[in-house]
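Colleague: Sequence plus the predicted model coming up.
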2 protein chains.
Amino acid sequence: MRFLHTADWHIGKKLHDYSLVEEQKDAFEQIKQIAKEKAVDAVVVAGDLYDRSLPSETSVALVNEMLQELNLQAKLPLLVISGNHDSATRLATGSDWFKQTDFYLHTSLAEAFEPVEFADTQFFLLPYFEMQAARNYFETETLTNLNEAMKLIVAELEKKFDPAKKHVLVAHFFAVGSLKTDSETKLEIGGLDAVSPELFEKFDYVALGHLHDRNALKAERVRYSGSLLKYSISEAKRPKGVWLIDTDPFTCEGLELTPLNDVKVLCDSYENLTTEGYQKVGQHDYISIELTDEQPILDVVGKLRQYFPQLLDVRRKHKKNHAKKIIQVEQKTPLELFDDFFLQVTGKEPTKLQQKWARESLLEITKAGEPNETTQD
Amino acid sequence: MRFLHTADWHIGKKLHDYSLVEEQKDAFEQIKQIAKEKAVDAVVVAGDLYDRSLPSETSVALVNEMLQELNLQAKLPLLVISGNHDSATRLATGSDWFKQTDFYLHTSLAEAFEPVEFADTQFFLLPYFEMQAARNYFETETLTNLNEAMKLIVAELEKKFDPAKKHVLVAHFFAVGSLKTDSETKLEIGGLDAVSPELFEKFDYVALGHLHDRNALKAERVRYSGSLLKYSISEAKRPKGVWLIDTDPFTCEGLELTPLNDVKVLCDSYENLTTEGYQKVGQHDYISIELTDEQPILDVVGKLRQYFPQLLDVRRKHKKNHAKKIIQVEQKTPLELFDDFFLQVTGKEPTKLQQKWARESLLEITKAGEPNETTQD
């Protein structure tokens, strides 16, 4: 049995207000191409097909088309679960009909215990579920954490094992020991919702969804596929892809997806970025800039956007110096601030006469702003 | 060919804030029962399955279950179109898979021109569409009204006619000449969106959705099925049901649905309603009351709700008299108003002594309420 493991498509997701629809379509086409070229027997999608429980009509149309292309046109069996970003109820629409063409879409806990068999393998499709669903299923109100619930679930699943077959679990949760970064911390809900990967040692493979880094967990047989695209700046250096799994003998090959437009972080000076730097990235790449300059630059975002049309943000590398400067600024008199400003804009110190004009103008402004005091002038 | 014609389920619709889910489930069960008992070859649903383009999860789950029960469990072929209340995109989810079990769900204009053939009949499923969709389809920007668009559509459809077969159109629009009442006026969008039923004379039957009164149009072969339930007070006296159609020879039989809880208008006095009247309706019926009483009754809605738990509204039959009385009231002195009030509450005129007490109390109140005038007392 050979299958592709993907997850976390998050169709409809935006990056800093930029729509990623074209990038999502392109990445999907690559997955479809890989599936055909590698002649897989099935495609596994481990949850979060949508980015929101109430997706837009555009997102609904796109996901419908993707699933139709894979299953009905390319005749690929599909093994899909709902993730925490999907509405299980909405995603389930049509699932009773999908089975006829080997498209298995499980959206409720109870369905996890109905193995789907393909060739030499039993697949168990365990969707994302809330604790209360586990309490209801096992008829116990004392379940307090996901790891305990998962122990009960695994025990139930193992009872369904056909010893003559391989056993693959498809699931969507946060696994203890997963590598944390800025991006992934957001995804973790808390200690009570973390599952120990050791629970699954009797499975031949566990195809996970939830974390966006495909290398989040350092385990040979328990893997996150990672997201379809880089969905945050913190993922800029994390390549995206799918796992190609063979069950007998077990092999796992990582295949990369090349984004239509990449997410990149550039750390350089304004001078370099606007002369050579911008030529080193794609015109439509999504760019986050870390400026090495220390001096202020007027309308720096507007100016950089001319070179990087899909600019995500501009940060300063030397934040501490800047913070210090702000404190210094607050302690200066208005005339001292004028001298600093004049120097920055013109590159020269103001002359004695210019300082006099500034002082007189400042007095005028102060008077005009405080009419009650003019009589005391 | 024998089929049931229903439409305008409006799943999720509320009546004056009351959920109608239980009534909708019950009416659907009756349709399923009729379909089985009458051994129909198919069920036609002519649009507006949902009440809103963005239905709640509860509504999605209910519609999914209904369609699954009819098509997969009862093995009934389904011929369904989207109406103006449905989101065509959302409703289309799964439709590519539905065909495998003879469930034809058309949600775009182009699909109308792909006839669905069952036994001796060609069905043309024309969903609700916007004028711009017709302009795009026929590649003409000059189309200005629906009747013109429909002429082009009918001409196209007639080209697809197999002369050896019967021809049934399923559509969702406002037909010229339909009987208008309070409820239906709301549904008509305007003269530009009205279609002449004469256009369809070459069809053996036109199964319409949109108007909620099954008798809205007085034509033998062009009919509205009407809604699943009474969805407004103005429909209280309009029975709901489905049409049972035989194509050869053509017969059309009206079959009524009995609502789990009915919508009724009661026109009676407070006295009668609270002694005998309330016993003549179901405890959970939705009641609109037209009071024949002319005198005011304190907290009349609160009191009536004790007898009619699902009270929709309370109106007065003698509105004009009331308006006159209000004018009279405004012209009376406070003491005259006291005399009237005393009479209404006690049923007797106040005695001279009672009138004196009232006068003195009124003086006291006037004083206390106008402190600035006490010095002039």
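Modeller: Now that the structure is in, tell me what you want to look at.
Colleague: got the residues of chain A near chain B?
Modeller: For chain A, the contact set with chain B under CB under 8 Å from any CB of the partner chain comprises A:54, A:57, A:60-61, A:64, A:68, A:72, A:87, A:89-90, A:92-98, A:100-101, A:103. For glycine as for every other residue, the C-beta is placed from the backbone atoms N, C-alpha and C.
Colleague: Now the buried members of these.
Modeller: The neighbour-count criterion (16 or more other CB atoms under 10 Å in any protein chain shown) marks A:60-61, A:64, A:68, A:72, A:87, A:89-90, A:92-98, A:103 among the residues of chain A next to chain B as buried.
Colleague: pLDDT below threshold where in the stretch 51-200 of chain A?
Modeller: By pLDDT under 70, the low-scoring segments of the stretch 51-200 of chain A are A:179-192.
Colleague: how about the helices in it?
Modeller: Listed in chain order, the helices of the stretch 51-200 of chain A (DSSP state H, counting those that start in this stretch) span A:57-68, A:88-91, A:95-98, A:131-138, A:146-159, A:182-187.
Colleague: can you redo the ones you listed as CSV with distance to A:Glu22?
Modeller: What follows is the helices of the stretch 51-200 of chain A, written out as CSV (distance: least, CB to CB, whole Å):
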stretch, distance to A:Glu22
helix A:57-68, 11
helix A:88-91, 23
helix A:95-98, 27
helix A:131-138, 36
helix A:146-159, 36
helix A:182-187, 22
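Colleague: residues touching the closest residue to A:Arg90 other than its chain neighbours, list them.
Modeller: Nearest residue to A:Arg90 in three dimensions, chain neighbours excluded: B:Val60, at 5.6 Å (CB to CB, 6 or more residues apart in numbering or on different chains). Neighbour list for B:Val60: A:89-90, A:93 [criterion: CB atoms under 8 Å, 6 or more residues apart in numbering or on different chains].
Colleague: with those residues in mind, which one is nearest to A:Asp313?
Modeller: Closest to A:Asp313 out of those is A:Arg90 (33.0 Å), distances taken as CB to CB.
Colleague: neighbours of the residue of the stretch 151-300 of chain A found nearest chain B, just the number please.
Modeller: Distances between the stretch 151-300 of chain A and chain B by CB to the nearest CB are smallest at A:His172, namely 18.9 Å. Look at A:His172: counted by other CB atoms under 10 Å in any protein chain shown, it has 25 neighbours.
Colleague: Contact partners for whatever residue of the stretch 101-250 of chain A ends up closest to chain B?
Modeller: Across the stretch 101-250 of chain A, the shortest distance to chain B (CB to the nearest CB) belongs to A:Thr101, at 6.6 Å. Applying CB under 8 Å, 6+ apart to A:Thr101 gives the contacts A:71-72, A:75, B:97, B:100.
Colleague: Swap in 10 Å and give it another go.
Modeller: Applying CB atoms under 10 Å, 6 or more residues apart in numbering or on different chains to A:Thr101 gives the contacts A:71-72, A:75-78, B:96-97, B:100.
Colleague: Just send these back as TSV, with distance to A:Val44 too.
Modeller: Output for the contacts of A:Thr101, formatted as TSV (distance: CB to CB, whole Å):
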residue	distance to A:Val44
A:Asn71	13
A:Leu72	18
A:Lys75	16
A:Leu76	11
A:Pro77	10
A:Leu78	8
B:Asp96	21
B:Trp97	19
B:Gln100	23
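Colleague: Among those residues, name the ones in strands.
Modeller: Of the contacts of A:Thr101, the ones assigned to strands by DSSP state E are A:Leu78.
Colleague: so which of the contacts of A:Thr101 comes closest to A:Leu4?
Modeller: A:Leu76 (8.8 Å).
Colleague: Return the distance of the closest residue to chain B within chain A relative to A:Phe123.
Modeller: Here the residue of chain A nearest chain B is A:Gly94; by CB to the nearest CB that distance is 2.2 Å. Applying CB to CB, to the nearest Å, the value for A:Gly94 to A:Phe123 is 20 Å.
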